[in-house]
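**Q** Just need the structure, nothing else, for what follows:
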Amino acid sequence: MTSNAELACVYSALILVDDDIAVTGEKIQIILKAAIVDVEPYWPSLFAKALEGINVRELITNIGSGVGSEKKKEEESDDDMGLGLFD
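**A** Coordinates of the predicted model:
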């Protein structure tokens, strides 16, 4: 179950990424303060540390890519071996 603090930090980080601003604990804290959301002091820095070195924009745009192609390859390989369901 996700807490309100976690969600607030996630949304803050997404706002920063969308505006091409570096995700730091201080920047997350500024957004949370502007939104009048109180979180434990460790949350913003925790999220900033977790996203360090990660291209969040690329991560979001590539969610689910390639999943369908794997299934298709598996089905094709079964057909190639003559192990189809209705053979």
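
**Q** Report pLDDT for Tyr42.
**A** We have a pLDDT of 93 for Tyr42.

**Q** again, but for Val67
**A** 56.

**Q** do the one 3 residues further on as well
**A** At Glu70 the predicted local distance difference test score is 54.

**Q** and what of Leu83?
**A** Reported pLDDT for Leu83: 63.

**Q** now Leu59
**A** On the pLDDT scale, Leu59 is placed at 84.

**Q** Over to it. Which of the three states is it?
**A** helix (DSSP: H, G, I helix; E, B strand; the rest coil).

**Q** That one and Leu14, how far apart?
**A** Distance of Leu59 to Leu14, computed by Cβ to Cβ, to the nearest Å: 11 Å. For glycine as for every other residue, the C-beta is placed from the backbone atoms N, C-alpha and C.

**Q** what about the helices in this protein?
**A** In the chain, the helices defined using DSSP state H lie at 4-18, 25-34, 42-50, 56-61, 67-80.

**Q** Quickly, which of those bottoms out on average pLDDT?
**A** helix 67-80 (a mean of 54).

**Q** Let me see the contact set for the nearest residue to Glu26 once chain neighbours are set aside.
**A** Excluding the flanking residues, the one nearest Glu26 by Cβ to Cβ, 6 or more residues apart in numbering is Pro44, at 7.4 Å. Contact analysis of Pro44 by Cβ atoms under 8 Å, 6 or more residues apart in numbering lists 9, 12, 25-26, 28-29, 32.

**Q** again, but for Leu14
**A** Val56.

**Q** If we use 10 Å, what do you get?
**A** Taking Cβ atoms under 10 Å, 6 or more residues apart in numbering as the contact definition, Leu14 lies against 23, 31, 56-57, 60.
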